[in-house]
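J.: Quick one, structure for this:
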Amino acid sequence: MKILQRAPMLGVFIALISGLALYDKAGIFALIFGVPLIFIGVMFCSYEYDYPEQWRVFLFTLAFTLLCSFRVGYEVSRPNVSQEQAITNESGTITNLRQWGRIYVAEIDTENYGKLAAKLQFAEIMPGTRIKFDGITQTFNVSGKFDEAKFWRAQGVNSWLKLYEYQELPVKFSFARLRYRISRYVSIHMPERTAAYIKAMLGERDYTLNISHRRWGTSHLLAVSGFHVGLVILCMSLIFSRNIFVLSLIMWTYILLTGCATSALRAGLMLQVGLFARVINRPISGINTVSVAGVSLLLYSPFMFWDIGFRLSVLAAMLICSLPRKKFSVFIFSPAIWLVTFPQVSYSFRETPVVGVILNLFAPLYFSFAFIMGFVSLIVKTLQMIYTWAVEGVFILFDKIANFFVGIFPDFISWNYFLAFIGASTLIFFVCRELKFSLLRTLIIMIAGSLASFVIFL
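T.: Numbering: from 1, shown residues only. Just a heads-up that it's a prediction; the model follows:
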């Protein structure tokens, strides 16, 4: 079984996400019985005669898969704090403040009730603020196409909270408070566009900027993800090239500062495995590393499966780790990622921007330099004003370039089964080839796997 040789956690990961996808249709049985059956099916797709220890490894991995299925099943079926319940004299810290339609939602990390979400008419409580409050929990709305329970539980939130009254408590250190103070400093001292992009690296999206990047197909540049975490590690490695402990500490400090976005956690886990492998001088499989990160996150919070950021992050990372490392292969990254993420993006948002294929050929490299210039402008004292406005010009220039390409190419392509099938087949093809499957077996798995994904995930 080649999967057991090259990426043993891949089968576990495929089984878990398939079981979660079937959970809405079959309930807890999809996790308890479906996950091990899917794992067995995936393993036998890669069966080979010349691997003498495969059965012992297979049984061990199957046992681990069963434990994972019970853990995930317990979490998704466990009742949360969504029943109406009065709360008095409870203390908590505002960890995040986000816009929710025309109002705001404050995420409150409480002492006794986990994380709760309170609706506010105005942005009246700043992140990092400690409060003592009275209120009542309220159930999530699960009717219609949008399931609030799955969305908010993917963010770690247990229930809505209706605040009756609250009072602020003395401030203590928190990453949310530090993020707010940096964000406020940036807003005051930096030009508008530069400030918006720097705050995006801290986990705060500007509404207008978000609309523009969604139109351009480059929204991933605003979401804290592997791109940003990797950029931080790349810059810090120039200073602490051999100190794995310091690099790990800086990386997790940055992830905590940005609010622990799902895509950032996935990237952090992957990079941590890579840094650890560097310490013990062992080669690593990119596909297996993505799978380890994915399984770890799902064991921690299975509701992350319903977070579109988690899905897109894993799809892109899995493809990048599977693509061949050859000369000029960088030019197939953008169209391949666009194809692989098309089914999820178009199904969730009903359309996918075409111009993103062109812009993403150079946007990551462009923004790597732009973000570094933006952060340097925070600490440059000599000729700071001139340098800062030069950075602002770099960001504005990308707007002009992106709008130019939007004028040439059609804006969006809607969901369709043909492109969705091609996207699913592309990912399976490159993963199979990276695992050294024969061409015939690759084609069979590619067709069967793509058809199965329509049955499981749609």
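J.: how close does H220 sit to T341?
T.: 9 Å (Cβ to Cβ, to the nearest Å). For the C-beta atoms, the positions are set from N, CA and C on the backbone; glycine is no exception.
J.: Please enumerate the shared neighbours of these two.
T.: Here H220 and T341 have 312, 316 as joint contacts, going by Cβ atoms under 8 Å, 6 or more residues apart in numbering.
J.: wait, T139 sits on W160?
T.: Yes. With contact defined as Cβ atoms under 8 Å, T139 and W160 form a contacting pair (7.2 Å).
J.: Between those two, which is the more surrounded one?
T.: The neighbour comparison of T139 against W160 (other Cβ atoms under 10 Å) goes to W160, with 22 against 14.
J.: would you list every one of the strands in the stretch 1-150 of the chain?
T.: 85-100, 103-110, 115-120, 130-138 (DSSP state E, counting those that start in this stretch).
J.: For V12, which of these is the nearest?
T.: strand 115-120 (27.8 Å; Cβ to Cβ).
J.: Check which helices and strands that closest one sits against.
T.: Judged by 3 or more Cβ pairs under 8 Å, 6 or more residues apart in numbering; DSSP states H and E, strand 115-120 is in contact with strand 85-100, strand 103-110, strand 157-168.
J.: okay, now V246: neighbour count?
T.: Other residues within reach of V246, judged by other Cβ under 10 Å, total 13.
J.: Next up, the contacts around it.
T.: Here V246 is in contact with 236, 240 (Cβ under 8 Å, 6+ apart).
J.: mind listing what's buried in the strand or helix carrying it?
T.: Secondary structure assignment for V246, by DSSP states H and E: helix 244-257. By neighbour count on 16 or more other Cβ atoms under 10 Å, the buried set for helix 244-257 is 244, 247-248, 250-252, 254-257.
J.: just to revisit the earlier point, nearest to W55, out of the strands of the stretch 1-150 of the chain?
T.: Closest approach to W55 among the strands of the stretch 1-150 of the chain (Cβ to Cβ): strand 115-120, 43.9 Å.
J.: So what are the sheet partners of the closest one and their directions?
T.: Under the criterion DSSP bridges, strand 115-120 sits next to strand 103-110 (antiparallel), strand 157-168 (parallel) in its sheet.
J.: quick one: low-confidence parts of this structure?
T.: 1-2, 4, 48-53, 80-83, 143-144, 280-283, 327-329, 379-384, 410 (pLDDT under 70).
J.: Going along the chain, name the helices of the stretch 351-458 of the chain.
T.: Along the stretch 351-458 of the chain, counting by DSSP state H, counting those that start in this stretch, helices occupy 356-359, 363-379, 384-408, 417-434, 439-457.
J.: Most tightly packed of the strands paired with strand 115-120?
T.: strand 103-110 (a mean of 20; mean count of other Cβ atoms under 10 Å).
J.: Need the contact partners of it.
T.: Contacts of strand 103-110 (Cβ under 8 Å, 6+ apart): 90-99, 115-123, 125, 131, 133, 155, 157, 161.
J.: Of the residues you listed, which qualify as buried by neighbour count?
T.: Buried members of the contacts of strand 103-110, scored by 16+ other Cβ under 10 Å, are 90, 92-97, 115-118, 125, 131, 133, 155, 157, 161.
J.: in the chain, which residue is closest to the centre?
T.: With distances taken as Cα atoms, centre = their mean, S263 lies nearest the centre of the chain, 2.3 Å away.
J.: packing partners for the host helix or strand of that residue?
T.: According to DSSP H and E, S263 maps onto helix 262-280. Contacting helix 262-280 under the criterion 3+ Cβ pairs under 8 Å, 6+ apart are the following elements: helix 226-237, helix 244-257, helix 286-300, helix 308-322.
J.: buried ones in the shortest one?
T.: Taking 16+ other Cβ under 10 Å as the basis for neighbour counts, the residues of helix 226-237 that come out buried are 226-233, 236-237.
J.: Equivalent analysis for the third one, please.
T.: Within helix 286-300, the residues that qualify as buried are 286-295, 297-298, counting by 16+ other Cβ under 10 Å.
J.: And the last one, by the same measure?
T.: Using 16+ other Cβ under 10 Å as the burial criterion, the residues of helix 308-322 that qualify are 309-322.
J.: closest to I40 among those?
T.: Nearest member of the buried residues of helix 308-322 to I40, counting by Cβ to Cβ, is M318, at 21.3 Å.
J.: Report how many residues lie close to P364.
T.: P364 has 17 nearby residues by other Cβ under 10 Å.
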